[in-house]
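> Prediction below, plus the sequence it came from.
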Amino acid sequence: GENVGLHLPTLSVQEGDNSIINCAYSNSASDYFIWYKQESGKGPQFIIDIRSNMDKRQGQRVTVLLNKTVKHLSLQIAATQPGDSAVYFCAEGGFSGGYNKLIFGAGTRLAVHP
Amino acid sequence: GAVVSQHPSWVICKSGTSVKIECRSLDFQATTMFWYRQFPKQSLMLMATSNEGSKATYEQGVEKDKFLINHASLTLSTLTVTSAHPEDSSFYICSARAGTGISNQPQHFGDGTRLSIL
């Protein structure tokens, strides 16, 4: 993913609807992908991860889809709740100098309206 | 489990001051810790990777003499911003991970330190 600068894209949804947050990653060699949730003034919180040998993984109310052909990752949140309002980042696991590190995407702000 | 604590959570200081930020893994041994910087409405940018007992690996463009990293134990890493200036004001976040090198262990993040330089 690329850091698009000062403007975070925002996804606005109604409480109870499903949310889909998308992410394009940059390195076709990345084999590990993670979604994080970041609330204001806090560090990122792990949501769900997926390895490149899978194309779908489900958690509690969340599903991650991976399309390696087009280097695309998505996070689906079912029955979105006000507490889901936050900034969501995808991260790809990269290898550099012997230490695998995370490269974060630009982030998407999810705003849930009652 | 897997709690990472950062201290302080907020610091305001005068230009020219050096500021130390601590990152502790409270319930696991963190052989690798990562330091990130995040500007408002932007993503996390990795600054450096540190392994316990060895020198940190800095990302391109990050001045190692400006941002001193010490990872002297398996539960503590420190980031010192030396001679801080207003442009160093940012949200600094650490993460910790068990295992070295290529590890399948996830990174656990602290809640960040907001640094404001006047």
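Everything's here; your move.

> Residue of chain A nearest chain B, please.
A:Gly43 (3.7 Å; C-beta to the nearest C-beta). C-betas here are computed from N, CA, C, even on glycine.

> now the residue in chain B positioned nearest to chain A: how far from B:Ile12?
Here chain B gets closest to chain A at one residue, B:Phe109, 3.7 Å apart by C-beta to the nearest C-beta. The spacing between B:Phe109 and B:Ile12, counted by C-beta to C-beta, to the nearest Å, is 23 Å.

> what does B:Ala48 give?
From B:Ala48 to B:Ile12 the distance is 24 Å (C-beta to C-beta).

> circling back to that earlier point, hey, what's the residue of chain B closest to chain A bridged with?
B:Ser95 (DSSP bridges).

> residues near it, how many?
Residues contacting B:Phe109 under the criterion other C-beta atoms under 10 Å in any protein chain shown number 24.

> Also B:Ser83?
12.

> nearest residue to it other than its sequence neighbours?
B:Gly16 (5.6 Å; C-beta to C-beta, 6 or more residues apart in numbering or on different chains).

> burial of B:Ser73, as a residue count?
13.

> ok, it - contacts?
B:Glu52 (C-beta atoms under 8 Å, 6 or more residues apart in numbering or on different chains).

> Repeat that for A:Leu102.
Contacts of A:Leu102 (C-beta under 8 Å, 6+ apart): A:Ile34, A:Ala91, A:Glu92, A:Gly93, A:Gly94, B:Phe34, B:Leu46, B:Gln107.

> and the gap between B:Thr31 and A:Val64?
B:Thr31 is 27 Å from A:Val64, by C-beta to C-beta.

> Looking at the two, which one has more neighbours?
A:Val64 (24 against 20).

> Model confidence at that one, what's the number?
Note for A:Val64: predicted pLDDT of 98.

> just A:Tyr25 next, same as before
At A:Tyr25, pLDDT is 90.

> Chain neighbours aside, what residue packs nearest to it?
A:Glu92 (4.6 Å).

> Quick check: bridge partners of the one you found?
Beta-bridge partners of A:Glu92, as defined by DSSP bridges: A:Phe33, A:Ile103.

> from memory it sits against A:Ala29, does it?
No. Using C-beta atoms under 8 Å, A:Glu92 is not in contact with A:Ala29, being 9.4 Å away.

> Compare the two (neighbour count), which wins?
A:Glu92 (23 against 8).

> ok, that one to B:Ser18 distance?
From A:Glu92 to B:Ser18 the distance is 34 Å (C-beta to C-beta).

> Now the worst-scoring helix or strand of chain A on mean pLDDT: buried residues?
Of all the helices and strands that make up chain A, strand A:99-104 has the lowest average by mean pLDDT, DSSP states H and E, namely a mean of 80. Going by neighbour count (16 or more other C-beta atoms under 10 Å in any protein chain shown), the buried part of strand A:99-104 is A:Tyr99, A:Asn100, A:Lys101, A:Leu102, A:Ile103, A:Phe104.
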